[in-house]
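[1] Build me a model:
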Amino acid sequence: MKRMNNKESAPLKYYANLYARLDPTEASNRCGIPYDEKTGRFSLKLMGEDLSVSHPDFAVYREDGTKSENSPISILLIRFLIEGRIVPATGRNLTYRDIPNGEAYYANFLGRCIKRLARTCGSDIHKFSKAMEDMGAERVKMGDCAYRFEFINNLYMTFILWEGDDEFPPSAQILFDNNFPFAFSAEDVAVIGDVSIEYVSRRMKQMG
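    Numbers count the residues shown, from 1 in each chain. Have a look, this model is predicted:
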């Protein structure tokens, strides 16, 4: 797993100070994530993986009890618990451009996430489909192959792929349920794109 560099550790230290003063019950209600007062931990699922987050000292633990050193995920989770909230989705999908400030960061998101999804998964849609189904994702009728899946508790996104041909390479799109902007900023959503593609890519590689 990726370890923190100085660029990532500085904001994490900043947020850790805010997190330590957090009311865990309020955060649990706001984010829709259970909190166990006895263990001092929040419980959640991220891309189908069971994780727990300790409080007041911030640390992310896997189901087997080992500590996660994935700094992008750590920053996403701590910001979510401090600033985010869960509201019901209405069924409307958002592109990245539809997210507040998404237009300003779209060029980065296009290369970092959408084109990466097409490169990583579009050349082997069968393996992509198998990986998504292994994650419990729901196949939806979009593009040549598309799956809707839960990124984190009650926050769903959709990966859409179009197969390439002799003239055109594979292409892709990423959609988000319309409750995403209440939970994460546009900058965070770009990281979510990165993290979720990495999860799917790793599952595809594990299939050989």
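
[2] Which positions within the longest helix along the chain qualify as buried?
    Longest helix in the chain by number of residues (criterion: DSSP state H): helix 186-206. Of all the residues in helix 186-206, those buried under the rule 16 or more other Cβ atoms under 10 Å are 186, 188-193, 195-201, 203-204. In short, each C-beta sits where N, CA and C put it, glycine included.

[3] Low-confidence ranges, this structure, go.
    Low-confidence segments of the chain (pLDDT under 70): 1-10, 208.

[4] my read: Ala131 touches Met207, true?
    Yes. Assessed by Cβ atoms under 8 Å, Ala131 is found in contact with Met207 at 6.8 Å.

[5] Which one of these two is surrounded by more residues?
    Using other Cβ atoms under 10 Å as the criterion, Ala131 and Met207 rank with Ala131 on top: 22 against 11.

[6] chain center to the longest helix of the chain, what's the gap?
    Distance of helix 186-206 from the chain centroid (Cα atoms, centre = their mean, to the nearest Å) equals 7 Å.

[7] same question, stretch 185-198
    Distance, stretch centre to chain centre, for stretch 185-198: 6 Å (Cα atoms, centre = their mean).

[8] now what about it, what contacts it?
    47, 72-73, 75-76, 79-80, 96, 99-102, 104-105, 108-109, 112-114, 116-117, 120-121, 149, 151, 157, 159, 174, 176, 180, 184 (Cβ atoms under 8 Å, 6 or more residues apart in numbering).

[9] can you give me the strands for the protein?
    Listed in chain order, the strands found in the chain under DSSP state E are 35-36, 41-46, 49-54, 60-62, 93-94, 138-140, 145-152, 155-162, 171-177.

[10] and Ser123, how far is that from Met132?
    Ser123 sits 15 Å away from Met132, going by Cβ to Cβ, to the nearest Å.

[11] Which one of the two is surrounded by more residues?
    Applying other Cβ under 10 Å to Ser123 and Met132 shows that Met132 carries more neighbours, namely 22 against 14.

[12] Check whether the more buried one really touches Tyr199, as I assumed.
    No. Met132 is beyond contact range of Tyr199, at 10.4 Å (criterion: Cβ under 8 Å).

[13] Which residue ranges make up each domain of the chain?
    According to automatic domain parsing, the chain comprises the domains 6-83, 93-206.

[14] follow-up on the earlier one: what inclination does the longest helix of the chain have with respect to strand 145-152?
    Angle of helix 186-206 versus strand 145-152, following axes from the mean of the first three to the mean of the last three Cα atoms, to 10 degrees, is 120 degrees.
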